[in-house]
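> No letters, just coordinates:
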């Protein structure tokens, strides 16, 4: 039996964290004990660690992860490899020889984690392969895709129900960021989970500020520019409803002197990958994409997510907006919608042939329209939609409960929802619950110098990622670089106290990183320190 001290030691060694986030430790314990598990945890809550850490602690076993996106698999494998955890994947991007090598290593039990797509699992040769692998348990990521009531139903996911038949003694764990109570029950039924341990995290993202504004179509471009100006220098995702509007928006922003990249399904694969990598590496701060962008994107310091149209469901909006503020810092989720959006959503619903699916789509339509047009707290609406009943009624962090920012409301800056006094009362209210407001850490050095070092370390990270051919965020996250720029450690032991730097990172980058900080300090005037 693996002890709690051992799990904490692994958390420190591989992830560089000194403590778990809410629910993580209990989920890890459930999986290590061999229980079927169903986990609903919002984007940024640390879902992947919950199954990756048990895998790291099982040296002769392999955790098989079913994941819907190749890009997500590649990112996860890259990150795990950087951390010193052996991981592999089987998908269509690998050559035949590469696939044979992965299969050979998997049969030898060399991988702690093996990633597969649901399509790969459906192949007749995959189950015999997995029977030759020392499987510890199965993980179904984005598990809501198995439910017809989910907002991203994928028929291939239904085939995953055969896992229980083929591997009756192996535990199954389902993970998702966005599932209503009905979808959660469907996930458990479809995967045939046996008395699963259920972990449902709060859907309340306290650091996010939801601003919903209905506007005329012709007013939207100016509002978009205002929003991007407000977040100048920060990472932003802009969601567009169609491929054509992605191109139009990128072109418009370039004309306004705002560099932006596009991302959509019809783009050449290499160009799409290149654009994503440039955005991830902070070469360009603004990415304009369709819903094709974002699933599994692991970028913590996104300061704003802007929607240029109504999403098709509250689940979709929550998942996409939730890509902001994964580092726990205040971030803006801005929904700019127009009446014409209703016609576009109606058009897509009318293309659905299956009567039952069309009915479900209409229900999602009414839910998202109700969310956008309501004068009730946005945070509370989202929680209630997912079956959570908050003890508070106002949040102090949405356009209904506080004043719409002047840059978004217009020159008058008039309140759109309740008055400021109400918002202050709401903030006071919420402090009495277990809602956590992020508080800035006092800088150890002058802020200007800290910011300059942060950019210097970003440049250092970019050179490392380019030389190794890996995404920048797999080297270190922005939040880690930010802490480094404030703390400025001078020894390897000092690095061990920085959140996000584990032993493997110290082995790979420790001395080089200390040298980069030392060179920067010697290059600036002493009175700037």
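Now that the structure is in, tell me what you want to look at. Note that this is a predicted model, so its numbers are computed, not measured.
> Okay, domains of this protein per the record?
4-200, 208-431, 447-528 (automatic domain parsing).
> For my notes, please list these in TSV and give mean pLDDT and mean neighbour count for each entry.
Any C-beta I mention is one placed from the backbone N, CA and C, and that applies to glycine too. What follows is those, written out as TSV (pLDDT from 0 to 100; neighbours: other Cβ atoms under 10 Å):
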stretch	mean pLDDT	mean neighbour count
domain 4-200	92	19
domain 208-431	87	18
domain 447-528	85	17
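> quick one, strands of the stretch 101-250 of the chain?
Secondary structure of the stretch 101-250 of the chain (DSSP state E, counting those that start in this stretch): strands at 113-116, 135-140, 172-176, 197-200, 208-214, 235-239.
> Okay, now the sheet partners of the first one, with direction.
Neighbouring strands of strand 113-116 in its sheet, by DSSP bridges, are strand 62-66 (parallel), strand 87-90 (parallel).
> likewise the fourth one?
Looking at strand 197-200 with DSSP bridges, its partner strands are strand 37-40 (parallel).
> The strand it pairs with: how far from the chain's middle?
Distance, stretch centre to chain centre, for strand 37-40: 17 Å (Cα atoms, centre = their mean, to the nearest Å).
> heading toward the C-terminus, what's the first helix or strand past that strand?
The element immediately downstream of strand 37-40 (helix or strand, assigned by DSSP states H and E) is helix 47-56.
> That following helix - contacts with which helices or strands?
In terms of contact count using 3 or more Cβ pairs under 8 Å, 6 or more residues apart in numbering; DSSP states H and E, helix 47-56 is assigned the packing partners helix 4-10, helix 24-32, strand 62-66, strand 113-116, strand 135-140, strand 172-176.
> Quick one: residues in contact with the longest one.
Residues outside helix 24-32 that contact it (Cβ atoms under 8 Å, 6 or more residues apart in numbering) are 2, 4, 7, 20, 37, 39, 46, 49-51, 53-54, 57-58, 137, 171, 173, 197, 199.
> can you check stretch 472-481 too?
Residues lying outside stretch 472-481 but in contact with it, judged by Cβ under 8 Å, 6+ apart, are 16, 75, 78-79, 82, 280-282, 298-301, 327, 454, 457-458, 461-462, 464-465, 468, 498-501, 505, 509.
> Apply 7 Å and report the result again.
For stretch 472-481, contacts defined as Cβ atoms under 7 Å, 6 or more residues apart in numbering pick out 78-79, 82, 280-281, 298-301, 327, 454, 457-458, 461-462, 464-465, 498-501.
> Inside helices: which ones of those residues?
Taking DSSP state H, the ones among these that sit in helices are 78-79, 82, 280, 454, 457-458, 461-462, 464-465.
> Need the max-distance pair from those residues.
78 and 454 (23.1 Å; Cβ to Cβ).
> And the helices in the stretch 351-500 of the chain?
Counting by DSSP state H, counting those that start in this stretch, the stretch 351-500 of the chain has these helices, from start to end: 355-373, 378-385, 406-409, 420-431, 447-468, 472-475, 478-487, 492-496.
> Surely residue 163 touches residue 172?
Yes - counting by Cβ atoms under 7 Å, residue 163 does reach residue 172; the two are 6.1 Å apart.
> Now do the shared contacts for these two.
residue 138.
> which residues sit in contact with residue 233?
With contacts defined as Cβ under 7 Å, 6+ apart, the neighbours of residue 233 are residue 285.
> From residue 407, how far out is it?
Between residue 233 and residue 407 the distance is 15 Å, computed by Cβ to Cβ, to the nearest Å.
> Also residue 142?
Residue 142 sits at a distance of 35 Å from residue 407 (criterion: Cβ to Cβ).
> next one: residue 213
Distance, residue 213 to residue 407, using Cβ to Cβ: 11 Å.
> Kindly report the same for residue 480.
Taking Cβ to Cβ as the measure, residue 480 and residue 407 are separated by 30 Å.
> Over to residue 512?
For residue 512, the distance to residue 407 (Cβ to Cβ) stands at 41 Å.
> Next: residue 32.
If you measure residue 32 against residue 407 using Cβ to Cβ, the figure is 49 Å.
> just residue 287 next, same as before
21 Å.
> Then residue 143?
Applying Cβ to Cβ to residue 143 and residue 407 gives a distance of 39 Å.
> Same check on residue 222?
As it turns out, when the distance is counted by Cβ to Cβ, residue 222 lies 11 Å from residue 407.
> again with residue 477
Computed as Cβ to Cβ, the residue 477 to residue 407 distance reads 28 Å.
> and what of residue 369?
As judged by Cβ to Cβ, residue 369 and residue 407 stand 26 Å apart.
> and if you look at residue 316?
Plainly put, residue 316 is 26 Å away from residue 407 if you go by Cβ to Cβ.
> what does residue 244 give?
Taking Cβ to Cβ, one finds residue 244 at 27 Å from residue 407.
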